[in-house]
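[1] one predicted model, sequence on top.
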Amino acid sequence: MSITWHDYPVNGFYDELIASDGTPREGAGSLLAHLDGLTETELQERKVAADAAILSMGITFTVYSEDEGSIDRAWPFDIIPRIITLREWRQIERGLKQRVQALNLFIDDIYHAQKIIKDGVFPGELLADSKNFRPECVGVNPPQGVWAHVCGSDLVRDKDGAVYVLEDNLRVPSGVSYMLENRQVMKRVLPELFEDYAIVPVDDYPSQLYHCLASLAPTKQRPNVVVLTPGIYNSAYFEHCYLAQQMGAELVEGGDLLVGDDDCVYMRTIEGLTPVDVIYRRIDDLFLDPEAFQPDSMLGVRGLLRAWKKGNVALANAPGAGVADDKVVYTYVPDIIRYYLGEDVILPNVPSYRCINPTERDFVLANLDKLVVKPANESGGYGMLIGPKATRRELKAFADLIRNDPRNYMAQPLLLLSTAPTLVDHQVEPRHLDLRPFILSGRETYVTNGGLTRVALKKGSTVVNSSQGGGSKDTWIIDWEGA
Amino acid sequence: MAMLSRVAEHLYWMARYLERAENTARLINVNGSLVLDLPKHARPSWSSLIAITGSDELFHRDYPGTAAEGHVVKFMLADDANPGSILSSIRSARENARTIRDIIPREAWEQINELYLNAKKNLASGLSPKWRYAFLKEVILSVQQIAGILDGGMSHDAGFEFMCIGRNLERADMTTRIIDVRCATLTAEQNEALKPFENILWMSVLKSLTAYQMYRRHMQAAVGRDAVLKFILKDAEFPRAFNFCLHEVRTCLSHLPRQERPLNALLPLLGQIEKAAPEELSQSALSHFIDELQIRLGAIHDAICATYFRAQDENKDIKYDK
């Protein structure tokens, strides 16, 4: 017997599979009993089989190195799944739909009448300094009135077990291909577990994505949908390829497309120029069109914004959608939901302090060593201050940054992220994790069944990014009451 | 769905570079063995290999003075500055393959990657005369293996046709280059000493194209200038004969859309080669003839680029879906 669950150190965190008294949580019993029944060698064999499957399936992320060009690293995967009951998930799903619906109404309002500002719910001055507000997009009417077609929201669970939204990624969120591949690997490696459980399948995501994208060209019977990638050196290139293949869409680079004199978008093929109706773009706004944004961008397509504004092509996500992905705007999301939908907020935000507000700023400055401070527009954990781990000099430097540019900062208490049992060097130990579900908005709204669980493989770490030692787990939404 | 021009272009160049690496490897091997067969006073200079690949200028810039065996082999095999060296060709093939990894079979990509990594790793042995043969043979076999994987594992769709065109144009080009240089070396007035060994030199021409065995079977003739020229330029069945390669290109084009412009460049050349009697030409007339073939090959390449790879911006021949 390799795992003795009563020795498993829950350590005051909320563990996803094991309650603080050492008993399995709802739905986790069979899984833990099964893992318990495997010898250490057997467990290790499964781990090796999973790694081999990942290699042979070519599940990689790309790290660029000067010497060898781009290197594909195998995706680090933990074979112990993370379990969420369907009952809890339905609640989260409703919360995500509510949130994304409100965010889309917000973005549309911001680029039109700005009623929310006029009604005094959202401070207009925030837009003036917003890095992701695009004045070029004012007055544009994207199909279905939707701006953020693909949203990846990061969820975390605090020590009390409550689920919070940590942030919304409305620009080009990635990771969904790993969610899909993780399930494939899991089915190969521990097939017997699937017999004990009613696990909700995840694999209709590509067809849902296609459906969502196609709905953006409502007048076309068979719209030409393409995936626009920055190219092979992008760390998410695997995902771009994967989604294009799964949807049966063409994977294109900027150089494959052009905007004609008729302001329509075409792709260069051996048969000549073929019209393009919908572009699932995985390039940031500023690189999308050298005519409208960064003039030196080699990745984009000259005139693309022009074609989009005329309604000749749909872009997903729409340019400018990132205005709502600002971390200071994030703090207003509960207000945004109440304002547009008149509903109570289902999924709470992590409590946040806005440095732009003098009282909250004073609180933040006085408690800097206890808080996490985030800049408005960085992603991937860059430019953050983790107060309890910072040196006195770092705290001082950050206090100055906040005083000089309060609009650019918000602060949150340090969350004690939940953990789950993870196989590390032949041992099962708790590791911190989060969850990124993906929400599709087109004519209809769809939420992935679960999402990508990212796990910090380093002991005590809460950094889950794959580039910084993060891995992932399969996420099971189990129909417990039905089973 | 129509194939992207970029993808077609990468497939075309990937095949051309792989073929170039293989041809260059054969050329070096055959030359090495030829030199050993000839007495010292009659040995042709290694510089003929430089002339065949059309890189005299570059070579003499980087290796001024004599074309010693070591320099020539290093230049042709491993030189980064020589875009036609085996290593550069393999690297270019790999760069082209990398961006179309979702198009070609996974095994093919892995094999191309491995070919590059192995060639880089074993370069030193390729440069020593003792191990050179083994190194080059490895390159040749790997390229053949890749061709096999692609043939057996990839749909014979438009993309496949572009690879096939690239490979055959490269082959046809190499065949003309070899004839050009060997004939020049062999003209009696230039090299009296080689006269007694003429047949050995013609044999080496055949061997550079792996044509020796097939030549014997099909021509049933002694190895000599007239029959060799006829075989490697006009034969319709040997895969490295100029005529055969062009027929392959024509077949590929017939499966592609909008083939009119490239066919207009190709068909006159096919007619010309079928009518030609190269064996009857004097040395200078042959040299002129070969020059003409090469210019026309270039025109076919240009027509393919213009039609499929980057024409659309100029033409604006927009195709609308229903």
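    Structure received.
[2] nearest residue to B:Thr24 in space, ignoring adjacent ones along the chain?
    Nearest residue to B:Thr24, sequence neighbours excluded (Cβ to Cβ, 6 or more residues apart in numbering or on different chains): B:Ile86, at 5.2 Å. Bear in mind the C-beta positions are built from the backbone N, C-alpha and C, glycine included.
[3] state the distance from that neighbour to A:Thr23.
    Counting by Cβ to Cβ, to the nearest Å, the gap from B:Ile86 to A:Thr23 is 66 Å.
[4] of those two, which one has the most company?
    More crowded of B:Ile86 and A:Thr23, by other Cβ atoms under 10 Å in any protein chain shown: B:Ile86, with 26 against 12.
[5] what bridges to A:Gln427?
    Bridge pairing for A:Gln427 (DSSP bridges) gives the partners A:Val424.
[6] just A:Thr274 next, same as before
    Residues in beta-bridge contact with A:Thr274 (DSSP bridges): A:Met267.
[7] would you agree it is in contact with A:Cys264?
    No - assessed by Cβ atoms under 8 Å, A:Thr274 is found out of contact with A:Cys264, at 10.9 Å.
[8] the two: who's more crowded?
    A:Thr274 (22 against 19).
[9] in the chain, what spans have low per-residue confidence?
    I went with chain A, as the question did not name one. Counting by pLDDT under 70, the low-confidence segments of chain A come to A:1-4, A:6, A:58-74, A:379-381, A:467, A:480-483.
[10] my question was about chain B, not that one.
    Scanning chain B for pLDDT under 70 picks out the ranges B:186-191, B:311-322.
[11] so A:Asn169 makes contact with A:Asp325?
    Yes - the pair A:Asn169 and A:Asp325 passes the contact test of Cβ under 8 Å, sitting 6.1 Å apart.
[12] neighbours of the nearest residue to B:Leu233 once chain neighbours are set aside, just the number please.
    Spatially, and ignoring its direct neighbours in sequence, B:Leu233 is nearest to B:Phe242 (4.8 Å; Cβ to Cβ, 6+ apart). By other Cβ under 10 Å, 27 other residues sit near B:Phe242.
[13] contact partners for B:Phe242?
    B:172, B:175-176, B:232-234, B:273, B:293 (Cβ atoms under 8 Å, 6 or more residues apart in numbering or on different chains).
[14] now tabulate these in JSON lines and tack on neighbour count and secondary structure.
    Shown next, in JSON lines, are the contacts of B:Phe242 (neighbours: other Cβ atoms under 10 Å in any protein chain shown; DSSP: H, G, I helix; E, B strand; the rest coil):
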{"residue": "B:Ala172", "neighbour count": "27", "secondary structure": "helix"}
{"residue": "B:Thr175", "neighbour count": "25", "secondary structure": "helix"}
{"residue": "B:Thr176", "neighbour count": "22", "secondary structure": "helix"}
{"residue": "B:Ile232", "neighbour count": "25", "secondary structure": "helix"}
{"residue": "B:Leu233", "neighbour count": "24", "secondary structure": "helix"}
{"residue": "B:Lys234", "neighbour count": "19", "secondary structure": "helix"}
{"residue": "B:Ile273", "neighbour count": "20", "secondary structure": "helix"}
{"residue": "B:Leu293", "neighbour count": "23", "secondary structure": "helix"}
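[15] closest one of those residues to chain A?
    Chain A lies nearest to B:Ala172 out of the contacts of B:Phe242, by Cβ to the nearest Cβ, at 21.7 Å.
[16] so A:Tyr340 touches A:Ile107, yeah?
    No - A:Tyr340 is beyond contact range of A:Ile107, at 10.8 Å (criterion: Cβ under 8 Å).
[17] neighbour count: those two, which is higher?
    A:Ile107 (28 against 20).
[18] buried sites along the helix or strand harbouring the more buried one?
    A:Ile107 belongs to helix A:86-110 when assigned by DSSP states H and E. Within helix A:86-110, the residues that qualify as buried are A:86, A:89, A:92-93, A:95-110, counting by 16 or more other Cβ atoms under 10 Å in any protein chain shown.
[19] what's near enough to touch residue 301?
    You didn't pick a chain, so chain A it is. Per Cβ under 8 Å, 6+ apart, neighbours of A:Val301: A:228, A:254, A:257-259, A:265, A:288-289.
[20] please refer instead to chain B.
    Neighbouring residues of B:His301 by Cβ under 8 Å, 6+ apart: B:Leu169.
[21] show me how far the helix or strand in which it is found is from its chain's centre.
    Secondary structure from DSSP H and E places B:His301 in helix B:283-304. Distance, stretch centre to chain centre, for helix B:283-304: 14 Å (Cα atoms, centre = their mean, to the nearest Å).
[22] one more: stretch B:55-66?
    22 Å.
[23] mind listing what's buried along it?
    Within stretch B:55-66, judged by 16+ other Cβ under 10 Å, the buried ones are B:55, B:58-59, B:63.
[24] and of those, the nearest to B:Arg250?
    Comparing those against B:Arg250 with Cβ to Cβ places B:Ser55 closest, at 29.8 Å.
[25] contact partners for that closest one?
    Per Cβ under 8 Å, 6+ apart, neighbours of B:Ser55: B:75, B:82, B:84.
[26] quick check, nearest of those to B:Glu280?
    B:Gly84 (32.3 Å).
[27] can the strand or helix carrying B:Lys137 be found next to chain A?
    Using DSSP H and E, B:Lys137 sits in helix B:129-153. No - if you take Cβ under 8 Å from any Cβ of the partner chain as the test, helix B:129-153 misses chain A, and the best it gets is 15.2 Å.
[28] contacts for that helix?
    Residues contacting helix B:129-153 (Cβ under 8 Å, 6+ apart): B:18-19, B:21-22, B:25-26, B:28-29, B:32, B:69, B:73, B:86, B:90, B:104-105, B:107-108, B:111-112, B:114-115, B:118-119, B:122, B:125-126, B:160, B:163, B:167.
[29] and the spatially closest residue to A:Arg302 that is not a sequence neighbour, how many neighbours?
    Residue nearest to A:Arg302 in three dimensions, not counting chain neighbours: A:Glu291, with 4.9 Å by Cβ to Cβ, 6+ apart. Residues lying near A:Glu291 (other Cβ under 10 Å) number 15.
[30] next, A:Glu291: phi, psi?
    Main-chain torsions, A:Glu291, degrees, to the nearest 10: phi -70, psi -40.
[31] ditto for A:Gln221
    Note on A:Gln221: its backbone torsions stand at phi -70, psi -50 [degrees, to the nearest 10].
[32] distance check, it against A:Ala214.
    10 Å.
[33] run through the bridge partners of A:Gly471.
    Here A:Gly471, judged by DSSP bridges, has bridge partners A:Val455.
[34] give me every residue that touches it.
    Residues in contact with A:Gly471 (Cβ under 8 Å, 6+ apart) are A:75-78, A:422, A:454-455, A:457.
[35] list of residues touching stretch B:77-88?
    For stretch B:77-88, contacts defined as Cβ under 8 Å, 6+ apart pick out B:20-21, B:24-25, B:28, B:53-55, B:58-59, B:62, B:75-76, B:92, B:119-120, B:123, B:126-127, B:136, B:139.
[36] just the buried residues from those residues, in PyMOL please.
    Selection of buried members from those for PyMOL, criterion 16+ other Cβ under 10 Å:
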select buried, chain B and resi 20+21+24+25+28+53+55+58+59+75+76+92+119+126+136+139
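[37] could you list which of the contacts of stretch B:77-88 belong to helices?
    Cross-referencing the contacts of stretch B:77-88 against helices under DSSP state H gives B:20-21, B:24-25, B:28, B:58-59, B:62, B:75-76, B:92, B:119-120, B:123, B:126-127, B:136, B:139.
[38] how about the helices in the stretch 151-300 of chain B?
    Using DSSP state H, counting those that start in this stretch, the helices of the stretch 151-300 of chain B run over residues B:158-186, B:198-208, B:212-219, B:225-234, B:242-254, B:260-275, B:283-304.
[39] interface residues of chain A facing chain B?
    So chain A meets chain B at A:58, A:69-70, A:222, A:224, A:231-232, A:241, A:244-245, A:250-253, A:255-256, A:258, A:260-261, A:266-275 (Cβ under 8 Å from any Cβ).
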